[in-house]
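Enquirer: Give me a model of this one.
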Amino acid sequence: MKKHLLYLKILLLSLLTTLSFAQGVEIRGRVTGEGGTPIYGANVVVKGSRQGAVTDEKGDYRIQVPAGSTLTFSFIGYVAKDVAIGNNTTINVSLAPQSSVLDEVVVTALGIKKERKSLGYSTTEVKGEDLTQARSVNVANSLVGKVAGLNIASTATGPSGSSRITIRGNGSIGGNNQPLIVVDGIPINNDNLGSVGMWGGSDKGDGISSLNPDEIESMNVLKGATAAALYGSRASNGAILVTTKGGKVGKGIGVEINSNFVAEDLLIKRFNDFQYEYGAGNNGQKPTTPLEATTSSSWGGRLDGTNVMQYDGVARPYVAQRDNLINFYKMGNTFTNSVALSGASEKITYRLSMNNLDNKGLVPNNSLHRNNFALNTNATLGNDLTVVANVKYITERNRNRPRLSDSPGNANYTLFTMPTSLPVSTMRDNVYNSQGFEKVWSENIYAQNPYFAAYDYKQEDKKDRVIAALEPTYTVTSWLSLMARLGFDTYTYRNTEITPTGTAYQLNGGYNSNLRNFTESNYSLNATIKHGITDAIGLNLLLGGNLMKQVNRLDNYSGNGFNIPFFYDISNINPDARSISYNYIEKRINSVYASADLSYKNFLFVNLGGRNDWFSTLAPDKNSIFYPSVGSSVVLSEAFKLPAVINFAKLRGSWAQAGGDTDPYNLSLYYSLTGAHLGQALGQINGSQVPNSNLRPLTSTTFEIGLESRMFNNRFGIDFAVYSRNTTNDIVAASISGTSGFSTALFNVGQITNKGIELLLSYDVLKGRNFTWDASFNFAYNKNEVVSLYGDLQNLQVGDPARSQAAYVFQEVGQPFSLIKGFNYKRDAGGNVIYDAQGFPLKTDLVSYGTGVSPTTLGFNNSFRYKGIGLSFLIDGKFGGQIYSGTNALAYRVGLHKETLPGRETGVIGVGVNEKGEPNTVNVPAQQYYSYLYNFAEPFIYSSDFLKLRQVIIDYTIPARLLTKMPFKAASISIVGRNLAILMKKVPNIDPESTYNNTNAQGLEFAGTPPTRSMGVNLNLKF
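Expert: The predicted model follows:
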């Protein structure tokens, strides 16, 4: 990393030195719209570069430009205009309104800007301001409900967790299904650095969660392989292009300050579907001794207010405790401050920004501190050479990320299982025994006192990251330019976890530390040719190549049993109890690509593209694959005379192929050292998967057609798409017999399809002089089906099962992706539940319940504005998915769920028949009966459908006339809220979005951090 930074410093120093000799011409002027109205915020850019300025509230601008330049004037909703400066020093420009907002230019693959009307595929742009007002700590979550076909699931781990992002479904049975994240042309690593499984753990965040929304100009979602074809295999699941803000020319140095404070509170404050009639104890009896009170069971006597013994030896009133959640979880908050400086010299524009985020989580003792620094520069060196240099430095410090799923160290687990009559204040006041060790509160020694879990367990992770790019562009002729790009994404990540001394299940504690050094380098060279063939036919050509190299260095140090109590260091563990590992992983992809854009009379557009990738992870004779793409659009409103009501109409279509490889070192066996014997090193096969040297790239083929239109004086818009995606030769890890010494083997056999529709409707409901009302609605449906696996293999388990081992996630032939399967009640031909001789229901083999990934998503947004006051709200939802709730299953087991009330004092006779077909008459004590149901999935499978009030913003922009005597040019303040209400859900007690990992095993929930609602204020000042 230090070497890369040194190179960038040298290049920037050379750039600035060169600029000291540059000279240019100062141009001034005013930009106006209809009726001579000044346009505030219009862009004035030197054509062919990123050097530019922005007009002030009077529409005035000032810019230093090279002699002989051409200026491009643009503003959203207006037709851009090019003006050659000639000998002028003052240039006033009047912009005409666009006939359609679809005439705007958008950023596409490789950072290439194209007119939206020329695109043969679907892409959606989200402006930076949509990400900064009602913001999320992870900027990906700010996209929820705003893009048709984009499905985002965040883990139930609080603000610092990762998000699972998919575009138009899942294209691989077991591989990565998330899109490529590209920041200013540089692909970044978006790996999840830690995930949760059957035995618990914590989510450690991902790559996109590190980004600062205040730096973002826009985010473009490229849907499917066609849109992202030039990125090759890495964008077979689409791409999200993040463009950050650049410098602006103005008077002196421009200063922008943004402050945002958000407070977070529990969205679900009480378990409304728990029972509050019976308290702690077993078999219907109140505890009479501390030992009897040391239980997590709510199978005791009826709550009557009498004093009853608790686990600390003190008798307290035997009453319902309904507020344990709000008494344990604290009010979380996030305080974000950013400042940006921008300006220009004669030949360079720059923007330097600094951002500080300080988050205190809902779970006590959980915090996140993040600092983002960014420098964006754009320099013009003479008439033919421009250089863009971007550097971003990010530091993150996380403390005590909440644990999820299984009980060890998971404070949530304990809060969800505490007896009805046990107040959390008793837990708070009785954390330690006389030795200073954990005071055991229940029969389950793996479930910690929540305060012990929050304050004594130690978890810290630190990440330092640099994302940098250098892009020199040389204009050879008026129609030929060459652009090189050097990009780096590198970070160091260290995670340390301590099981403290005195933990009941591990009295001497334990230590685990991981260090990861990751570097990705990309070197590319592109040649662009823009030349008209005739007056009617235009041609743009792109030829290029890219070299990508990834290096992962992974170190792990772990051990159990501290010699000196409470001294948490690896040196305090006996050497023979320590484990040390070191891994070096390298991967390369070499690529060449080309595209040709043809246009005819500005209404017919055809794009042809192709890319060839060579993978280091595959055998030399099987590591090459070529991806072709073709797209076309016809602007019907310019090709034909349409009814006057139609202002714009465009028909588009595209077809493309992409693909992917496998992880490094899957072609042959590799080994690791495991210690020594009599001074000689011992080695063993590393891994439980049979390698396959014959693996070849998978192939994903995508087809799309769509229609875009604006009608009724551009007040009503529609964007409709139908698509199909077929993945073949998927690389599948198929299960094999454990007697082989391995658990899986890799094969090129899988096939999976996605078919769906997307719809975006927009309507300017009212357009008054002082009042406006804009509404938009997006809808998407995706049918995801597993077509084949390996040979006669019909299903394949994905990830760990639920902790109860009653529910699993499979990929199964003929079924949707991420299929939830579990154990049902066994029934006879008449549908009656069959009970055994002891009165317990019998289990079936695994049965299917549906997909854990909701196929239908929607978002409904409304924006109102009266003069300087605005109100907007977003409602979003998902439909068609299922979820297995381990939290509700556990509530049955410990007697907390209200469904465990029937039969408390009389016993339970299950309705159904015995194995002879006779009516069941066996009476089972309620505790034994309902606890046994924990072994079934059927009672705990719910629809995950929901509707949420996701976002509300009330903003006020201070009029320019009131700022004349103030030091700033513009000021706005907004009151913001996110996740304010669940308008509809079908699963009791939990948030239907409470998944605990972001892998392909979706649809399992268990003891995650409760959902929150947030409210706050955002202040923006520009000087």
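
Enquirer: And for Ile834, the neighbour number?
Expert: By other CB atoms under 10 Å, 20 other residues sit near Ile834. To be clear about C-beta, it is placed using only N, CA and C from the backbone, and glycine gets the same treatment.

Enquirer: And the strands in the stretch 451-600 of the chain?
Expert: For the stretch 451-600 of the chain, the strands defined by DSSP state E, counting those that start in this stretch cover 458-475, 480-499, 510-532, 537-560, 578-600.

Enquirer: Equivalent analysis for the stretch 101-250 of the chain, please.
Expert: Using DSSP E, counting those that start in this stretch, the strands of the stretch 101-250 of the chain run over residues 105-107, 113-115, 123-127, 150-154, 163-167, 180-183, 186-188, 216-222, 239-244.

Enquirer: For the spatially most central residue of the chain, list the residues it contacts.
Expert: Taking CA atoms, centre = their mean, the centroid of the chain lies closest to Ser163, which sits 2.9 Å from it. Shown in contact with Ser163 (CB atoms under 8 Å, 6 or more residues apart in numbering): Asn138, Ala140, Asn141, Ile152, Ala153, Ser154, Thr155, Asp206, Ile208, Ser209, Asn998.

Enquirer: Spatially nearest residue to it (excluding sequence neighbours)?
Expert: Nearest residue to Ser163, sequence neighbours excluded (CB to CB, 6 or more residues apart in numbering): Ala140, at 4.2 Å.

Enquirer: got the strands of the stretch 451-600 of the chain as JSON lines, with mean pLDDT columns?
Expert: Formatted as JSON lines, the strands of the stretch 451-600 of the chain follow (pLDDT from 0 to 100):
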{"stretch": "strand 458-475", "mean pLDDT": "95"}
{"stretch": "strand 480-499", "mean pLDDT": "95"}
{"stretch": "strand 510-532", "mean pLDDT": "94"}
{"stretch": "strand 537-560", "mean pLDDT": "94"}
{"stretch": "strand 578-600", "mean pLDDT": "92"}
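
Enquirer: And those strands: which comes nearest Ser236?
Expert: Between Ser236 and the strands of the stretch 451-600 of the chain, the shortest separation by CB to CB is 12.6 Å, and it involves strand 578-600.

Enquirer: Could I get the buried residue list for the closest one?
Expert: Residues of strand 578-600 classed as buried: Lys587, Ile589, Asn590, Ser591, Tyr593, Ala594, Ser595, Asp597, Leu598, Ser599 (neighbour count, 16 or more other CB atoms under 10 Å).

Enquirer: mind checking which of the strands of the stretch 101-250 of the chain is nearest Gly738?
Expert: When these are compared (using CB to CB), the closest one is strand 163-167, at 29.9 Å.

Enquirer: Could you figure out how far the closest one is turned away from strand 150-154?
Expert: Orientation check (axes from the mean of the first three to the mean of the last three CA atoms, to 10 degrees): strand 163-167 against strand 150-154 gives 170 degrees.

Enquirer: What mean pLDDT does strand 163-167 get?
Expert: For strand 163-167, the per-residue pLDDT values average out at 91.

Enquirer: strands paired with that strand, and their directions?
Expert: Strand 163-167 pairs in its sheet with strand 150-154 (antiparallel), by DSSP bridges.

Enquirer: And for the strand it pairs with, what's in contact with it?
Expert: For strand 150-154, the external contacting residues (CB under 8 Å, 6+ apart) are 124, 138, 140-141, 143-144, 161-167, 221, 780, 782, 853-854, 857, 878, 993, 995, 998, 1002.

Enquirer: what about that strand, distance to the chain center?
Expert: Relative to its chain's centre, strand 150-154 lies at 7 Å (CA atoms, centre = their mean, to the nearest Å).

Enquirer: Export that strand to PDB, keeping only CA atoms.
Expert: The C-alpha coordinates for strand 150-154 follow below in PDB (Å, rounded to 0.1, in the frame of the first residue of the first chain):
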ATOM      1  CA  LEU A 150     -32.800  -4.100  -7.200                       C
ATOM      2  CA  ASN A 151     -33.200  -6.400  -4.200                       C
ATOM      3  CA  ILE A 152     -31.300  -5.400  -1.000                       C
ATOM      4  CA  ALA A 153     -31.400  -7.400   2.200                       C
ATOM      5  CA  SER A 154     -29.500  -6.100   5.200                       C
END
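
Enquirer: how many degrees apart are that strand and strand 123-127 in direction?
Expert: Between strand 150-154 and strand 123-127, the angle comes out at 50 degrees (the same axes, to 10 degrees).

Enquirer: who touches Ser136 in this structure?
Expert: Contacts for Ser136 were tallied using CB under 8 Å, 6+ apart; they are Ser142, Pro159, Arg978.

Enquirer: Please settle this for me: is Phe779 part of a strand?
Expert: Yes - with DSSP: H, G, I helix; E, B strand; the rest coil as the criterion, Phe779 is part of a strand.

Enquirer: quick one: contacts for it?
Expert: Residues in contact with Phe779, defined by CB under 8 Å, 6+ apart, are Ala148, Glu758, Leu759, Thr856, Thr857, Leu858.

Enquirer: Of these, which is the most crowded?
Expert: Ala148 (27 neighbours).

Enquirer: I'd say it and Ile757 touch.
Expert: No - Ala148 is not in contact with Ile757 according to CB atoms under 8 Å; the separation is 9.1 Å.

Enquirer: before we move on, back to that, bridging residues for the residue nearest to the centre of the chain?
Expert: Checking Ser163 by DSSP bridges, which sets the bridge assignment, gives partners Ser154.

Enquirer: picking up where we left off before, could you dump the strands of the stretch 451-600 of the chain to a markdown table with distance to Leu746?
Expert: What follows is the strands of the stretch 451-600 of the chain, written out as a markdown table (distance: least, CB to CB, whole Å):
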| stretch | distance to Leu746 |
| --- | --- |
| strand 458-475 | 31 |
| strand 480-499 | 28 |
| strand 510-532 | 24 |
| strand 537-560 | 20 |
| strand 578-600 | 16 |
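
Enquirer: Below-threshold pLDDT in the stretch 51-200 of the chain: ranges please.
Expert: Within the stretch 51-200 of the chain, the segments meeting pLDDT under 70 span 76-77, 97-103.

Enquirer: show me where it has helices.
Expert: For the stretch 51-200 of the chain, the helices identified by DSSP state H, counting those that start in this stretch occupy 129-132, in order along the chain.

Enquirer: Regarding stretch 200-207, how distant is the last residue from the first?
Expert: Chord length of stretch 200-207, first to last residue, is 22 Å (CA to CA, to the nearest Å).

Enquirer: What residues sit buried inside it?
Expert: Residues Gly200, Gly201, Ser202, Asp203, Lys204, Gly205, Asp206, Gly207 are the ones in stretch 200-207 that count as buried (16+ other CB under 10 Å).

Enquirer: Number of residues surrounding Leu669?
Expert: When neighbours are defined as other CB under 10 Å, Leu669 has 11 of them.

Enquirer: show me the contacts for it.
Expert: By CB under 8 Å, 6+ apart, the contact list for Leu669 reads Ile685, Gly687, Pro691.
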